[in-house]
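Enquirer: From the sequence below, what's the structure:
(chains A and B)
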Amino acid sequence: MRYSKLFLPTLKEMPAEAEVISHKLMLRAGMIRKLASGIYSYLPMGLRALRRVEAIVREEMNRAGAQEVLLPMVQPAELWRETGRWNKYGRELLRLEDRHDRDFCLGPTHEEVITDLVRKEIRSYRDLPINLYQIQAKFRDERRPRFGLMRGREFVMKDAYSFDADEDGLHDTYQAMYKAYCRIFERCGLEFRPVEADTGSIGGHASHEFMVLADTGEDTVACCTRCDYAANVELAPVTPDRHEGQPVKAESMEKLREVATPGRRRIDEVTAFLDVGPERLIKTLIFVTEDGPVAALVRGDHDLNEVKLKRALGVEESRLADEKTVMDLTGAPVGFVGPVGLAGNIRVVGDYAVGSLSNFIVGANRKDAHLVGANWGRDLPLPELYDLRTITPADPCPRCGGPIELKKGIEVGHVFKLGTSYSQAMGATFLDARGRERPLVMGCYGIGIGRTVAAAIEQNHDEHGIRFPMPIAPFQVIITIINIKDGEMVSAAENLYRVLEDRGLDVLIDDRKERAGVKFKDADLIGIPIRVTVGKKIKESGEVEIKSRTDGTVFIVPSDQASDKIKELCS
RNA sequence: CGGGACGUGGCUCAGUCUGGUAGAGCACAGCGUUCGGGACGCUGGGGUCGUGGGUUCAAAUCCCUCCGUCCCGACCA
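Expert: A predicted model of the protein is given here:
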């Protein structure tokens, strides 16, 4: 490709709208442009990188036995009504009507469509297992799109859906997908970790997320520094302390008394005012669920984990109660709510760690007042105890007891064992070897293609621009002609360009009428892994300069040996 | 959805507080010099100041409406 003919508008200055580095660089390097919030156009450079990732994904999916299909993006509402998701999915589902006022939606995911397809075509266990995938744009009307391609509303995703005859079959398919995902992200040159993940409201049996480790990640991963345990913090269980739940002797109990805490609502305000540590306090958080309101108790220095709370309560919906609801339920404004005297009115649950507290401090359910010296049994009943808090680096690894480290990650892939929830809801069945009708056992497997490109940039850049890993680079080689008016330089560069293209490399030749500095800056910005400079050395000694964008290594080689060296560096 | 910020040539921004002839740099076009790390000089084109309304002799500037964008939070495969 000739740079002079390429639609590659690079930006010298930082775009005002971008915050994170991958977003800034993708805009500056002319890869993407925004059309609307969370909706982006891919320009040639961006599309090339996207296609590279897609090609790797295709190869590995095909190798793992999956077959590519392409499903419609516009989907009829009836399918979504069958699974109940037409109502459950909420406002993220972009709904539309056709000219006959029939309801449709833009597909945010394709379980319904694929299950419909398979239930109509697959009748026998002899046709199983089957694993179908597609690479296609998804639309999710996110509440808050951000960070460019990292969380867009329209985004390119590879989604695969597997159908097995039984759980064992699903297990094998799941393992094959897991391994394929590892290969995909390894081949993309990413530092990643597969982590145990929450199965969410779908209620599957197992799930792993593939996290690219980067500070800008929106997820937090708990990693053991001793064994290979890694899990999303939403999920990572906290091992209860040995002392938790032990009764306190009556004689060591302080007297329960109410103290005035005017205006002190937050934990840090109360602890500062009373001059005690946050571990002496119990936070009382009121949630509203489909089964009614719930009070959840965690220690002042711990964070409540809503995923764990939902699981402990066995509910699907939960949200923090608003100010008015809290007032109606407890008689106190937010910040002064406590569990004493609450048990009769609403369900109270507590984290294991609150069970071992004695002489603790809680809100008094009265404005500007807290209770000091509270104790289980005497002042209030011990609530149902669960693992409700988010793991911290102070907690041991749930598997080996080793030290835990928290890291930020970008979720680029997710694999799920779905089981039979969709197939049962939609009547997707097959006949087994004994002629019995049974529901298909499903799995689903997603990869955010655009997000993978963005994540690769998050991990591979410097102050000058992108440093694309070779396997996903838009071009492998850029040839920089120092002076376009110098016939000797041009013919040497053109010659090398032809040779490299003939040898199957993707080459960009910078034949623009620009000064050398401009060309170097652009080459660094767009991150082509290998830069070949054809300059004055070609005239003096017949040599060219080959520079690695990845590590900065420079090779000066005679021009007739350049293609061998470049080929070697590209492999 | 709650909180905050912003919206002025293609881009980055100044001008708004204190109303009075729309600016700079970059980019773009032409000419000249320069030519291995985003050159310089001269000339030139390009802006309904997000939208609608209001106040005023006069609005980019003050007031209100709506729209859009970004950030934090909530929420979320």
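Enquirer: Output the contacting helices and strands for the helix or strand where residue A:311 lies.
Expert: Remark: residue A:311 resides in helix A:306-313, with elements defined by DSSP states H and E. With contacts defined as 3 or more Cβ pairs under 8 Å, 6 or more residues apart in numbering; DSSP states H and E, helix A:306-313 has these neighbours: strand A:282-289, strand A:292-299, strand A:318-320, strand A:347-351, strand A:384-386. Every residue, glycine included, has its C-beta placed from N, CA and C.
Enquirer: pull the CA atoms of the helix or strand just after the fourth one into PDB?
Expert: Translated: strand A:347-351. As assigned by DSSP H and E, the chain's next helix or strand after strand A:347-351 is helix A:352-355. Written as PDB, here are the backbone C-alpha positions of helix A:352-355 (Å, rounded to 0.1, in the frame of the first residue of the first chain):
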ATOM      1  CA  TYR A 352     -19.300 -13.400  58.200                       C
ATOM      2  CA  ALA A 353     -16.900 -10.800  59.600                       C
ATOM      3  CA  VAL A 354     -19.600  -8.900  61.400                       C
ATOM      4  CA  GLY A 355     -20.600 -12.100  63.300                       C
END
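Enquirer: tell me, how many neighbours does the residue of the stretch 451-571 of chain A at minimum distance from RNA strand B end up with?
Expert: Relative to RNA strand B, the nearest point of the stretch 451-571 of chain A is residue A:535 (1.8 Å; Cβ to the nearest atom of the strand). Number of residues near residue A:535 (other Cβ atoms under 10 Å) recorded here: 19.
Enquirer: Was I right to think it contacts residue A:488?
Expert: No. Using Cβ atoms under 8 Å, residue A:535 is not in contact with residue A:488; the gap is 10.6 Å.
Enquirer: quick one: common contacting residues for the two?
Expert: Counting by Cβ atoms under 8 Å, 6 or more residues apart in numbering, residue A:535 and residue A:488 have no common neighbour.
Enquirer: Ok, which of the helices and strands packed on helix A:306-313 comes nearest RNA strand B?
Expert: RNA strand B lies closest to strand A:318-320 among the helices and strands packed on helix A:306-313, at 5.3 Å (Cβ to the nearest atom of the strand).
Enquirer: any idea of the mean pLDDT in that closest one?
Expert: Averaging the model's pLDDT scores along strand A:318-320 yields 81.
Enquirer: hmm, that strand in reach of RNA strand B?
Expert: Yes. On the criterion Cβ under 7 Å from any atom of the strand, strand A:318-320 is in touch with RNA strand B at A:319-320.
Enquirer: from what I can see residue A:329 touches residue A:293, true?
Expert: Yes. Counting by Cβ under 8 Å, residue A:329 does reach residue A:293; the two are 5.6 Å apart.
Enquirer: Domain-wise, how is chain A divided?
Expert: Annotated domains of chain A cover A:17-201+A:422-457, A:250-386, A:475-570 [automatic domain parsing].
Enquirer: Distance to residue A:216 added to these, as TSV?
Expert: Shown next, in TSV, are the domains of chain A (distance: least, Cβ to Cβ, whole Å):
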stretch	distance to residue A:216
domain A:17-201+A:422-457	5
domain A:250-386	21
domain A:475-570	18
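Enquirer: which stretch in the ones you listed is the model least sure about?
Expert: Note on these: domain A:250-386 shows the lowest mean pLDDT, a mean of 86.
Enquirer: what about that one, how long is it end to end?
Expert: Domain A:250-386 stretches 25 Å from its first residue to its last (Cα to Cα, to the nearest Å).
Enquirer: Strand A:282-289 and the helix holding residue A:311, what's the angle between them?
Expert: Computed by axes from the mean of the first three to the mean of the last three Cα atoms, to 10 degrees, the angle separating helix A:306-313 from strand A:282-289 equals 70 degrees.
Enquirer: Contacts made by helix A:306-313 with the rest, please.
Expert: Residues contacting helix A:306-313 (Cβ under 8 Å, 6+ apart): A:198, A:234-235, A:287, A:289, A:291, A:294, A:296, A:316-318, A:347, A:349, A:386-390.
Enquirer: before we move on, the earlier item: shared neighbours of residue A:329 and residue A:293, which are they?
Expert: Common neighbours of residue A:329 and residue A:293 (Cβ under 8 Å, 6+ apart) are A:286, A:321, A:346.
Enquirer: Could you identify the buried members of the residues you listed?
Expert: Applying 16 or more other Cβ atoms under 10 Å to the shared contacts of residue A:329 and residue A:293, the neighbour count classes A:286, A:321 as buried.
Enquirer: what's across from residue A:465 in the sheet?
Expert: residue A:462 (DSSP bridges).
Enquirer: again with residue A:533
Expert: Under the criterion used (DSSP bridges), residue A:533 bridges to residue A:480, residue A:545.
Enquirer: give the contact list for it.
Expert: A:480, A:482, A:544-547.
Enquirer: ok, and of the residues you listed, which contact RNA strand B?
Expert: A:482, A:545, A:547.
Enquirer: Which parts of the stretch 451-571 of chain A are helices?
Expert: Ranges of helices in the stretch 451-571 of chain A, per DSSP state H, counting those that start in this stretch, are A:487-502, A:516-526, A:536-540, A:559-570.
Enquirer: doesn't residue A:281 make contact with residue A:268?
Expert: No. Here residue A:268 does not reach residue A:281: they are 10.1 Å apart, not a contact under Cβ under 8 Å.
Enquirer: Between these two, tell me which one has more neighbours.
Expert: Taking other Cβ under 10 Å, residue A:268 and residue A:281 do not tie; residue A:281 has more neighbours (25 against 11).
Enquirer: Quickly note the distance from that one to RNA strand B.
Expert: 19 Å (Cβ to the nearest atom of the strand, to the nearest Å).
Enquirer: likewise residue A:377?
Expert: 31 Å.
Enquirer: Dihedrals phi and psi, that residue?
Expert: In terms of degrees, to the nearest 10, the main-chain angles of residue A:377 are phi 90, psi -60.
Enquirer: What is the neighbour count of it?
Expert: The local packing of residue A:377 (other Cβ under 10 Å) involves 12 other residues.
Enquirer: Also residue A:47?
Expert: Neighbour number of residue A:47 under other Cβ under 10 Å is 15.
Enquirer: Okay, and it sits in which element?
Expert: Going by DSSP H and E, residue A:47 is part of helix A:44-63.
Enquirer: partners of the next helix or strand after that helix, with directions?
Expert: As assigned by DSSP H and E, the chain's next helix or strand after helix A:44-63 is strand A:67-68. Sheet pairing of strand A:67-68 (DSSP bridges) gives strand A:130-139 (parallel).
Enquirer: So is the helix or strand following the strand it pairs with next to RNA strand B?
Expert: Going down the chain from strand A:130-139, the next helix or strand is strand A:154-164, by DSSP H and E. Yes. Counting by Cβ under 7 Å from any atom of the strand, RNA strand B is contacted by strand A:154-164 at A:155, A:157.
Enquirer: who does strand A:154-164 pair up with?
Expert: For strand A:154-164, the pairing partners within the sheet under DSSP bridges are strand A:130-139 (antiparallel), strand A:441-448 (antiparallel).
Enquirer: The helix or strand that comes right after it to strand A:154-164, inter-axis angle?
Expert: Downstream of strand A:154-164, the first helix or strand assigned by DSSP H and E is helix A:167-187. Helix A:167-187 and strand A:154-164 are oriented at 140 degrees to each other (the same axes, to 10 degrees).
Enquirer: and the closest residue to residue A:505 other than its chain neighbours, how many neighbours?
Expert: Spatial nearest neighbour of residue A:505, chain neighbours left out: residue A:476 (5.1 Å); criterion: Cβ to Cβ, 6 or more residues apart in numbering. Residues lying near residue A:476 (other Cβ under 10 Å) number 22.
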